[in-house]
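*Asks:* Have a look at this prediction, sequence included:
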Amino acid sequence: MTRLLVVLGEGGHTRQMLQLLDQLAPQHEYHYLIAAEDQLSEGKIRLPGPVYRVGRPRSKVHGHTDSLPVAAWHTLHSLLQLLPILRQVRPRAVLANGPSLAVPAALLGKLLGARVIYVESASRVERMSTSGRLVYPFADLFIVQWPQLQAQYRKAIYAGRLL
């Protein structure tokens, strides 16, 4: 049984990731990573597994995103919270699709020997998300759902609409 750390994000990110997990089915051991501020995602999980919460590395409050120094501070804080979780879980792979929490989880997972599987959000047709651009260089498997994106990023695999 493969142990996966699944990064969930609020709203559409969680919905898309859970649809993907429905396709993978229960043959894996799932562990879920959710932003501490996310009040909805945990209640939507359909395949059982432990849930871990850490602070969001970048926040959007009323349409404003954190400044670069604030985002860097929050990212460092997230990494420090993630380290004991990843050491405990020891996932074979980190599976993510776009929330800002995906970046430190994927980076730290990679440094600890996990494979990084990133599925760019279905809403990304012409340009990658910020998280996607940051994870792309070190992802072991980077999946896009539109041929326009695959044409721009040669390492990306076009898989059609997954989510």
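*Replies:* Yes, it's here. Residues are numbered from 1 along each chain as shown.
*Asks:* where are the low-confidence patches of this structure?
*Replies:* 59-64, 125, 162-163 (pLDDT under 70).
*Asks:* And the helices in it?
*Replies:* Counting by DSSP state H, the chain has helices at residues 12-24, 68-89, 102-111, 130-135, 147-152.
*Asks:* The second one packs against which elements?
*Replies:* Packed against helix 68-89 by the contact rule (3 or more Cβ pairs under 8 Å, 6 or more residues apart in numbering; DSSP states H and E) you find strand 2-7, strand 28-35, strand 51-54, helix 102-111. (Each C-beta comes from the backbone N, C-alpha and C, glycine too.)
*Asks:* Check this structure and tell me which residue is nearest its centre.
*Replies:* When Cα atoms, centre = their mean is applied to the chain, the residue found nearest the centroid is residue 96 (2.5 Å).
*Asks:* show me what contacts the closest residue to that one other than its chain neighbours?
*Replies:* Using Cβ to Cβ, 6 or more residues apart in numbering and skipping residues adjacent in sequence, the residue nearest residue 96 is residue 102, 3.5 Å away. Residue 102 makes contact with 7, 9, 94, 96, 118, 131, 135 under the criterion Cβ atoms under 8 Å, 6 or more residues apart in numbering.
*Asks:* And the helices of the chain: which comes nearest residue 40?
*Replies:* helix 12-24 (7.3 Å; Cβ to Cβ).
*Asks:* Can you show me the CA trace of that closest one as PDB?
*Replies:* What follows is helix 12-24, C-alpha atoms only, in PDB (Å, rounded to 0.1, in the frame of the first residue of the first chain):
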ATOM      1  CA  GLY A  12     -12.100  24.200  -5.800                       C
ATOM      2  CA  HIS A  13      -8.700  22.800  -5.000                       C
ATOM      3  CA  THR A  14     -10.200  20.400  -2.400                       C
ATOM      4  CA  ARG A  15     -13.100  19.400  -4.700                       C
ATOM      5  CA  GLN A  16     -10.700  18.700  -7.600                       C
ATOM      6  CA  MET A  17      -8.200  16.700  -5.400                       C
ATOM      7  CA  LEU A  18     -11.000  14.600  -3.900                       C
ATOM      8  CA  GLN A  19     -12.300  13.800  -7.400                       C
ATOM      9  CA  LEU A  20      -8.800  12.600  -8.300                       C
ATOM     10  CA  LEU A  21      -8.600  10.500  -5.200                       C
ATOM     11  CA  ASP A  22     -12.000   8.900  -6.100                       C
ATOM     12  CA  GLN A  23     -10.300   7.700  -9.300                       C
ATOM     13  CA  LEU A  24      -7.300   6.300  -7.400                       C
END
